[in-house]
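> sequence unknown, structure follows:
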């Protein structure tokens, strides 16, 4: 079963903020929200993650709703190099092993940044 | 350069053959993960090793096996290759067993089975 729902594709103008939504309405209290991106056939790249609070780093901001059922990844000033597939993933951090604790990728959102 | 090194970058082989893909994790990382990405299946988790021990297993076929050596590098062995095994194979690493801080991926090995 898919744990997250993302739009298949989005466009964004260069220099503008890119807001990528993710729905995770069945998220559990101990599941984190992770975002990765993959630029054409390169290895996926970690962007940011959070549990409850909003998070910001040098790449992006992550806004998680109070009920944690959805989140938005914000790239504040998108550039052409941000064109990629963006993956929203919910996962639990388990100490005892088991594949359910690992990073499971869905289909993601293909973001196209246009000049 | 992510710090995760995968070799070879490209591999072309015939059906029925066996190949070995190699991964050196980022310095200081103890976990290694293997993923397969094909056009129709997307990124599929195969297996994880932590400090030399198998920790988690995903959709890995019985024809595939992996191991992590004392120096922490890992190898993924694919045998009795079929056309459908053609894919990008990515290795990732993280410091601890959960990868809470995020995984660092290598640039992948593109395997073509002809």
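Arrived safely. Owing to the predicted nature of the structure, the values given are computational and were not obtained by experimental measurement.

> can you tell me which residues contact the spatially most central residue of chain B?
In chain B, the C-alpha nearest the mean C-alpha coordinate belongs to residue B:34, at 3.2 Å (CA atoms, centre = their mean). Residues counted as contacts of residue B:34 (CB atoms under 8 Å, 6 or more residues apart in numbering or on different chains) are B:23, B:45-48, B:60, B:66, B:74, B:76, B:89-92. (Each C-beta comes from the backbone N, C-alpha and C, glycine too.)

> What ranges in chain A fall below the confidence cut-off?
Applying pLDDT under 70 to chain A flags the ranges A:1-2, A:94-101.

> Go ahead and confirm residue A:90 touches residue A:35.
No - counting by CB atoms under 8 Å, residue A:35 is not a contact partner of residue A:90; they are 10.6 Å apart.

> shared neighbours, the two?
Contacts common to residue A:90 and residue A:35, judged by CB under 8 Å, 6+ apart, are absent.

> beta partners for residue B:57?
Beta bridges link residue B:57 to residue B:47, judged by DSSP bridges.

> Could you check how far it is from residue A:50?
28 Å (CB to CB, to the nearest Å).

> Which one's more surrounded, the two?
residue A:50 (18 against 15; other CB atoms under 10 Å in any protein chain shown).

> so that one touches residue A:62, yeah?
Yes - between residue A:50 and residue A:62 there is a contact under CB under 8 Å: 4.8 Å.

> Give me the common contacts of those two.
A:33, A:71.

> re earlier: mind checking which of the contacts of residue B:34 land in strands?
Counting by DSSP state E, the part of the contacts of residue B:34 found in strands is B:23, B:45-48, B:66, B:74, B:76, B:89-92.

> Now neighbour count too, for those, in TSV please.
As requested, the ones in strands among the contacts of residue B:34 are exported to TSV (neighbours: other CB atoms under 10 Å in any protein chain shown):
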residue	neighbour count
B:23	26
B:45	20
B:46	22
B:47	24
B:48	29
B:66	23
B:74	25
B:76	24
B:89	24
B:90	26
B:91	30
B:92	28
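
> for the residues you listed, which one is nearest residue A:114?
If you rank the ones in strands among the contacts of residue B:34 by distance to residue A:114 using CB to CB, residue B:90 comes first, at 28.2 Å.

> roughly how far apart are the closest one and residue B:40?
In terms of CB to CB, residue B:90 sits 17 Å off from residue B:40.

> do residue B:8 as well
Residue B:8 is 24 Å from residue B:40, by CB to CB.
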